[in-house]
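A.B. asks: one predicted model, sequence on top.
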There are 4 protein chains.
Amino acid sequence: MAANQSAPDATRRSERSRRAIYDAALALVAEVGYPKTTIEGIASRAGVGKQTIYRWWASKADVLLEAFLDMAEQAAHAAGHVPHALPDTGDLAADLKYVLRATVDELRDPAFEAPSRALAAEGVVDEELGRRFVASLLEPQLQLYVDRLRSAQDTGEVRPDVDPRIALELFVSPLAQRWLQYTGPITYDYTDTLVDYALYGLTPRPPSPTPTPTPTDAGPASPARP
Amino acid sequence: MAANQSAPDATRRSERSRRAIYDAALALVAEVGYPKTTIEGIASRAGVGKQTIYRWWASKADVLLEAFLDMAEQAAHAAGHVPHALPDTGDLAADLKYVLRATVDELRDPAFEAPSRALAAEGVVDEELGRRFVASLLEPQLQLYVDRLRSAQDTGEVRPDVDPRIALELFVSPLAQRWLQYTGPITYDYTDTLVDYALYGLTPRPPSPTPTPTPTDAGPASPARP
Amino acid sequence: MAANQSAPDATRRSERSRRAIYDAALALVAEVGYPKTTIEGIASRAGVGKQTIYRWWASKADVLLEAFLDMAEQAAHAAGHVPHALPDTGDLAADLKYVLRATVDELRDPAFEAPSRALAAEGVVDEELGRRFVASLLEPQLQLYVDRLRSAQDTGEVRPDVDPRIALELFVSPLAQRWLQYTGPITYDYTDTLVDYALYGLTPRPPSPTPTPTPTDAGPASPARP
Amino acid sequence: MAANQSAPDATRRSERSRRAIYDAALALVAEVGYPKTTIEGIASRAGVGKQTIYRWWASKADVLLEAFLDMAEQAAHAAGHVPHALPDTGDLAADLKYVLRATVDELRDPAFEAPSRALAAEGVVDEELGRRFVASLLEPQLQLYVDRLRSAQDTGEVRPDVDPRIALELFVSPLAQRWLQYTGPITYDYTDTLVDYALYGLTPRPPSPTPTPTPTDAGPASPARP
DNA sequence: TGATAAACGAGACGGTACGTCGTGTCTTTGT
DNA sequence: ACAAAGACACGACGTACCGTCTCGTTTATCA
């Protein structure tokens, strides 16, 4: 638990330097890519001594992770605080499709892409970083799906014996894998389809009073989504 | 794939060196991890000049990808040729669970883990490599699922309007993401559950003449699985 | 004397290659300097395999030495055969001054300078090469001075107890050193002065019936030079 | 002399490293010769990073020149400061012979020979280095001869119209050339002879009241030299 | 309010690896 | 069998960063 070296005094820490380092790190990753982003490069661009980086962070990935976290926090502040929940219109399929479409947009945002790919990649190979990445960034997002699915279980839209934490992976993981590994194109149609497949399964349903519509753009009877 | 500068003459290429490089690369990645695996290290361990590596490969990742491919090929030869199809017992759920359990085993094999994580990570950040990784290693595997699902569509086990290439992601991608990003534990129970959720969906089914079993460890009336 | 490896058969040797190698070597040394002249460069420029060079020569310096020798031979053939003797007009001082002025011209010829500097430098550090350089190129030239001085001893212009091989160094070596080491400018005046100093010495001469003229050009009655 | 790129800060320079580099460079040149002395070798032997060499010196020759200069300086300090003048006993010939014999000894000292040959050779081919070599090492030595000859002019031992800077080359350059180019053996007899020839010239002297002795081992009537 | 201790910018340092170039050997493929 | 071609093991090149380590120079509490 104790300090490992000489325990820098966090109260004396220069806020200006911290910000400059975040900015430089994100900018460099976006400009030249993660592997060509160097500690020296960040330091020089931030107008900061190398030691100032080594004093407060353990690795390049560490800097970037915090920078990314900080960026997310800033964005949240800017957008009038972070969303604490997914939309809940009562129509689970529609809500999920809506959110996943937003995610598609986000995944395609270049400002977002470079650093988050870099972090994800590093996390694949560095388990410790990977777990921190997940714990601080990914899991909180996934928790929102868990909440929404729980709510759907309350209304009977989802079977009560389903584990929401696993269930959400049916539509979230395929999107994630396509993004991470370039295993397929990322489109609205695709995510819509994922939701349909996940909710209603792949096997045929026995004839029932109210048949549920299946693919992309819903059936004529469904109400318009906002 | 070959020529980078002035097109070395592939007919004169030393087979001995190529093999030694593959072996050294895989061994080093397994022993010290990908980032600490260096071209110089591979060369020296393989008893080969650095230039011989630079002559035939464009990057460390490139060497590893080919080494990995070669390893897979070797393994196939050893095991009396590569499996061209998934098992097809007529019971789709059972077949998928069986195959996914085998995949779980494979993902946990340390000899396999280090190099494939390294490649996957590199592929996240280097699109070109990523696509090659997918095309040469991943997609052929996924195609087997496509075939099996098509067969299931023929027998009526799967709805005919389902796109098998997307459908397979419902159970494959969650497993992939857990492995890549450490988003959760990887167990037989987990993959079994994925198959069940994917096949039968998350929503309740109307009462029907032949009710299909739903969750992880079967209902009370269901017979024990093998 | 004995073969060192597998004794290449000199009778089968390709004259075309030899010439091409000489030309390429001299051209490269002139163009890029000796250190940047490489065996590979010579081979490729001569349109010749590397082995052809290694088969017949022991080192880069060796190639250049032979190339230089060959060039000298060619030049001699071109100029209606080599001069076998220095001029002998009966006036030793005048003859020496004349020859040294010609040497000054030669030392300044850029075509001559690069390769001969390269050889000289290599010879400073590689005794074996140095001795061969001297024996095949320098000493034959110096021998002409020896002959001329011997002739002067016969006519009484030079004291009979003087060793001509040493005597010649009095005016040749200073020029050589200035050229080799940049210890001073190389001009006609300079070499003329060297001859005068060497012939008549540095100490004052006692008044004598036939006073010999002392400095650069001029007898006693000659007007001041500008 | 210093800055090559972005001007390293000389005040922060490590004295320990500088000394270690000089020592390693001189030792290696003495042991394996100049061409086999490498920057990497110097660095590793000095226990220094390569960059520390590249930071402060432009080339291998540069390192060696400074190392040599430093060695000379050290030697001077050790020997109770550098000699500012040649001996002046009033007998010019004796003084010159004495000094040249000392030079012969020095030229044969192996500790001195390797690095100074290396530098001389490099200077033949690299004019800039050559001129620095001359300016910092050779010319100061030659200046001592100039001074001694001037003094001899004052006493009438040397003709007043003689240019001392040129005159000294009559006995210094022959020795230099024999050493540099292996054009002949280097002995006390040889240098003694050079002095005699240079001072009294090659031509016969008219009979005079006080005949000056001429060659190496004097004539029968001449008194023994000390 | 001035002393003092830290964090800071700067950057030199011992290292490791990079990717390139040249060496000298060896092998393959025409003549 | 020599020659052109060029792959190979080797080793040095000069560069880029690494992470550590001084250096003064701010900065910012405490005496």
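C.D. replies: On my side now, so go ahead.

A.B. asks: list the contacts for residue A:127?
C.D. replies: With contacts defined as Cβ atoms under 8 Å, 6 or more residues apart in numbering or on different chains, residue A:127 is in contact with residue B:182. For every residue, glycine as well, the C-beta is placed using N, CA and C.

A.B. asks: does any part of stretch A:45-55 sit near DNA strand E?
C.D. replies: Yes - Stretch A:45-55 is in contact with DNA strand E by Cβ under 7 Å from any atom of the strand, via A:47-52, A:55.

A.B. asks: now do that stretch, average pLDDT.
C.D. replies: Throughout stretch A:45-55, pLDDT has a mean value of 97.

A.B. asks: buried residues in that stretch, which are they?
C.D. replies: A:45-46, A:48, A:52-53 (16 or more other Cβ atoms under 10 Å in any protein chain shown).

A.B. asks: identify the residue nearest the most centrally placed residue in chain A in space, chain neighbours excluded?
C.D. replies: Centroid-nearest residue in chain A: residue A:138, 4.9 Å away (criterion: Cα atoms, centre = their mean). Closest residue to residue A:138 apart from its sequence neighbours, by Cβ to Cβ, 6 or more residues apart in numbering or on different chains: residue B:183 at 6.4 Å.

A.B. asks: what's the burial count for the one you found?
C.D. replies: Applying other Cβ atoms under 10 Å in any protein chain shown, we find 22 residues neighbouring residue B:183.

A.B. asks: Three-state assignment for it, please.
C.D. replies: coil (DSSP: H, G, I helix; E, B strand; the rest coil).

A.B. asks: which ones are touching it?
C.D. replies: A:134, A:138-139, A:142, B:177.

A.B. asks: now what about stretch A:136-144, what contacts it?
C.D. replies: A:65, A:68-69, A:72, A:83-86, A:165, A:168, A:172, B:181, B:183.

A.B. asks: isn't residue A:174 up against residue B:166?
C.D. replies: Yes - in this structure residue A:174 lies within contact range of residue B:166 using Cβ atoms under 8 Å: 7.5 Å.

A.B. asks: neighbour count: those two, which is higher?
C.D. replies: The residue with more neighbours, out of residue A:174 and residue B:166, is residue A:174; 30 against 19, by other Cβ under 10 Å.

A.B. asks: how about that one: what's its closest non-neighbour residue?
C.D. replies: residue B:169 (3.7 Å).

A.B. asks: what number of residues lie near that neighbour?
C.D. replies: Using other Cβ under 10 Å: residue B:169 sits among 27 other residues.

A.B. asks: in the strand or helix carrying residue A:148, which residues are buried?
C.D. replies: Under the criterion of DSSP states H and E, residue A:148 resides in helix A:139-155. Buried residues in helix A:139-155, counted by 16+ other Cβ under 10 Å: A:142, A:145-146, A:148-149, A:151-153.

A.B. asks: one more: stretch A:171-190?
C.D. replies: A:171-184, A:186, A:190.

A.B. asks: same deal with stretch A:69-81?
C.D. replies: Under 16+ other Cβ under 10 Å, the buried positions of stretch A:69-81 are A:69-72.

A.B. asks: in helices, which of those fall?
C.D. replies: Using DSSP state H, the subset of the buried residues of stretch A:69-81 located in helices is A:69-72.

A.B. asks: among the buried residues of stretch A:45-55, which lie within helices?
C.D. replies: Going by DSSP H, the helices hold A:45-46, A:52-53 from the buried residues of stretch A:45-55.

A.B. asks: using TSV, please lay out the residues you listed together with distance to chain D.
C.D. replies: Below are these laid out as TSV (distance: Cβ to the nearest Cβ, whole Å):
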residue	distance to chain D
A:45	16
A:46	19
A:52	19
A:53	20
